[in-house]
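Novice: give the three-dimensional model of this entry:
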Amino acid sequence: MSTLDPENRILEGTDIVIEGNKIISIGKNDREESSFEEIINGCGKIALPGMVNTHHHLYQTLTRCVPRVQDAPLFEWLINLYEIWRELTPEAIYWSSLLGLGELMLTGCTTSTDMHYVFPEKTTGELIDEQFKASQEIGMRFIPCRGSMSCGRSKGGLPPDDVVQTQDKILEDSERLIKKYHDKDPFAMTRIALGPCSPFSVTPELMKETAEIARKLGVRLHTHLAETLDEEKYCAEIFNRRPFELMEDIGWVGDDVWFAHSIYVNDTEIRKMGETKTGVGHCPVSNLRLGSGIAPVPEMLSHGVPVGLAVDGSASNDSSDMIGEVRTCLLVHRYRSGTKSMTVEDALRIACQGGAQVLGFGDAIGSLQPGKAADLILIDLNTIPYTGALHDPQAAVILAGANHIVDTTIINGEITVKNGRLTRVDQEQIIKNANRIAKEMVERAEKRTGIEFLKKPTLIAK
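Specialist: Down below sits the predicted model:
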């Protein structure tokens, strides 16, 4: 067992006793077996805390591997995919949420956020409700962000005008969702945060108004920031500020704020983030996939910046593989800063306790300790890919292995993955419906725009 507790204890032959939604004890159990409702045989398996995903776009599971944007940088990637995302429906949001949350759950994640910011005007505005419906059915601890975009192309933004909303509608729905879903209990299964999308898709006024509502009602704030050099250039031209400077100007720093990416932040900005405990959702695979860069995470950690791990949107990752994200986190920082800059324990702590802190669950999840939520995973090491790697089982989970599907996932004391399969939902139905909807969305977008999304664009040499 890898506890990831403050002493980083690695325990062998140890029992974990769960009662209700809490871990009651860790150690040698002396109670009669008959007193337990269920006993899980952990022989040959390693237990770890459930991982926490701090940034995602679940709807993007329906637009993975679209050929037209496989080799595109962020802005070009967005402009093209918006045309497909204009076809989103409540049904698409529901099935894509089941798909993305299911993939996360199968690969070690027990708590996830999401940022949904695309609201086609031809659909109902209650799309976040579909996500909550999916999360409650599948059993994921879920803290989505009510995302928003208010600057369409007619106002100089990137998204089409028919997927953005007015400021009044955004703020009204934000308050509705907080009142309906936000649970302040330490072990809450549903909470809500507010997440204006980015400096190039919302106005500073909306950012300020959103922060006022969030702080009045006691919820967290999230946005994309400093992801690309194009964003840095945009902020300099439009606001005469660097992205982080803009956030400072409008009051978007503090221990209730976290940014996705934060690749292009300088030493002064990192120091300020540490002083204010402004958090970061680190998205290594997406940043590599889009060629955006590598966030300076070791420097952030050295300055006390809360850093969690994130798979980001599946269209910029092509996966929602949480353990795979931990592995990439480890490797990318070793490439950037040397082998001693990131250890297996460092990467796991980012994925577990770091994420818990970023999402405001620091006292409830992120480690295996009595009194904490019963959120944990079991991985079967008695398989060919882990054979020969048992000198260090904790490291084997990240450095070895060919399949990141876990044996067991327990969330809030309930088994949600058993023998590598989701227990509360029909996996085959998710596959069938998500593939159908993904195909239909692309077909409708091609018919409407004339763009051949399933073909790579022709390269014209300069």
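
Novice: enumerate the positions of stretch 136-146 that are buried.
Specialist: By neighbour count on 16 or more other Cβ atoms under 10 Å, the buried set for stretch 136-146 is 138-146. Quick note: C-beta positions are derived from backbone N, CA and C, even for glycine.

Novice: of all these, which two lie farthest apart?
Specialist: Across these, the longest distance by Cβ to Cβ is 21.9 Å; it joins G139 and R146.

Novice: related to what we said a few turns ago, can you tell me which of the buried residues of stretch 136-146 end up in strands?
Specialist: 141-146 (DSSP state E).

Novice: which one of the buried residues of stretch 136-146 is nearest G44?
Specialist: Closest to G44, out of all of the buried residues of stretch 136-146 and judged by Cβ to Cβ, is G139, at 25.2 Å.

Novice: just to check, that closest one is in contact with R424?
Specialist: Yes - between G139 and R424 a contact is recorded at 5.1 Å, counting by Cβ atoms under 8 Å.

Novice: which neighbours do these two share?
Specialist: By the contact definition Cβ atoms under 8 Å, 6 or more residues apart in numbering, G139 and R424 are jointly contacted by T416.

Novice: tell me where the model's unsure across this protein.
Specialist: Along the chain, segments meeting pLDDT under 70 span 459-462.

Novice: switch to 50 and redo it
Specialist: Regions of the chain meeting the criterion pLDDT under 50 cover residues 461.

Novice: determine the longest helix present in it.
Specialist: Across the chain, the longest stretch assigned as helix under DSSP state H is helix 427-449.

Novice: pull out the buried positions in that helix.
Specialist: 430, 433-434, 437-438, 441-442, 445-446.

Novice: closest one of these to E212?
Specialist: Each of the buried residues of helix 427-449 was checked against E212 using Cβ to Cβ; the closest is M441, at 35.7 Å.

Novice: ok, N53 to I24 distance?
Specialist: From N53 across to I24, the span is 27 Å (Cβ to Cβ, to the nearest Å).

Novice: higher neighbour count, those two?
Specialist: Between N53 and I24, counted using other Cβ atoms under 10 Å, the more crowded position is N53 (31 against 14).

Novice: OK, contacts around that one?
Specialist: Residues near N53 by Cβ under 8 Å, 6+ apart: 104, 109, 111-113, 309-311, 320, 322, 355.

Novice: dump these to a markdown table, plus neighbour count, secondary structure and distance to G195.
Specialist: Listed next are the contacts of N53 as a markdown table, based on neighbours: other Cβ atoms under 10 Å; DSSP: H, G, I helix; E, B strand; the rest coil; distance: Cβ to Cβ, whole Å:
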| residue | neighbour count | secondary structure | distance to G195 |
| --- | --- | --- | --- |
| L104 | 25 | helix | 18 |
| C109 | 31 | strand | 19 |
| T111 | 28 | strand | 16 |
| S112 | 28 | strand | 14 |
| T113 | 29 | strand | 9 |
| L309 | 31 | strand | 18 |
| A310 | 30 | coil | 13 |
| V311 | 30 | coil | 16 |
| S320 | 28 | coil | 18 |
| M322 | 28 | helix | 20 |
| G355 | 35 | helix | 16 |
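
Novice: of those residues, which pair is most distant in space?
Specialist: S320 and G355 (14.5 Å).

Novice: centroid residue for the protein?
Specialist: When Cα atoms, centre = their mean is applied to the chain, the residue found nearest the centroid is H55 (3.1 Å).

Novice: what sits against it?
Specialist: Neighbouring residues of H55 by Cβ under 8 Å, 6+ apart: 113, 115, 222, 260, 281, 283, 310-312.

Novice: try it again with 6 Å
Specialist: Neighbouring residues of H55 by Cβ atoms under 6 Å, 6 or more residues apart in numbering: 260, 281, 283, 310, 312.

Novice: secondary structure class for it?
Specialist: Three-state assignment for H55 (DSSP: H, G, I helix; E, B strand; the rest coil): coil.

Novice: same thing with T210?
Specialist: Here T210 is recorded as helix under three-state DSSP.

Novice: likewise for the one 3 residues further on?
Specialist: Assigned by three-state DSSP, the conformation of I213 is helix.

Novice: if you go through the stretch 151-300 of the chain in chain order, where are the strands?
Specialist: Using DSSP state E, counting those that start in this stretch, the strands of the stretch 151-300 of the chain run over 193-196, 221-225, 257-261, 279-282.

Novice: just to revisit the earlier point, any chance of the ones in strands among the buried residues of stretch 136-146 in TSV, plus distance to F75?
Specialist: Formatted as TSV, these follow (distance: Cβ to Cβ, whole Å):
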residue	distance to F75
R141	33
F142	30
I143	28
P144	25
C145	22
R146	24
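
Novice: quick check: phi and psi on the residue nearest to the centre of the chain?
Specialist: When quoted as degrees, to the nearest 10, the phi and psi of H55 stand at phi -160, psi 130.

Novice: distance of L381 from L106?
Specialist: Counting by Cβ to Cβ - L381 and L106 are separated by 17 Å.

Novice: over to A438?
Specialist: Between A438 and L106 the computed distance is 19 Å (Cβ to Cβ).

Novice: and if you look at C145?
Specialist: 23 Å.

Novice: same question, G100
Specialist: The value you get for G100 to L106, if Cβ to Cβ is used, is 11 Å.

Novice: and these two? Which one has more around it.
Specialist: Each of G100 and L106 has its neighbours counted (other Cβ under 10 Å); G100 has more, 30 against 23.

Novice: tell me the SS of that one?
Specialist: helix.

Novice: confirm that I26 sits in a strand.
Specialist: Yes - counting by three-state DSSP, I26 is part of a strand.

Novice: show the contacting residues for it.
Specialist: Contacts for I26 (Cβ under 6 Å, 6+ apart) come out as I16.

Novice: buried residues, stretch 302-322. List them.
Specialist: 305-322.

Novice: same check, this time on stretch 220-238
Specialist: Quick answer for stretch 220-238 (16+ other Cβ under 10 Å): 220-228, 231-232, 234-235.

Novice: and for that stretch, what are the contacting residues?
Specialist: Counting contacts by Cβ under 6 Å, 6+ apart, the residues outside stretch 220-238 that touch it are 74-75, 145, 193-196, 198-200, 211, 214, 241, 243, 246, 256-265, 292, 360.

Novice: could you pick out the buried ones from those residues?
Specialist: Those of the contacts of stretch 220-238 that meet the buried threshold are 74, 145, 193-196, 198-200, 211, 214, 241, 243, 246, 256-265, 292, 360, by 16+ other Cβ under 10 Å.
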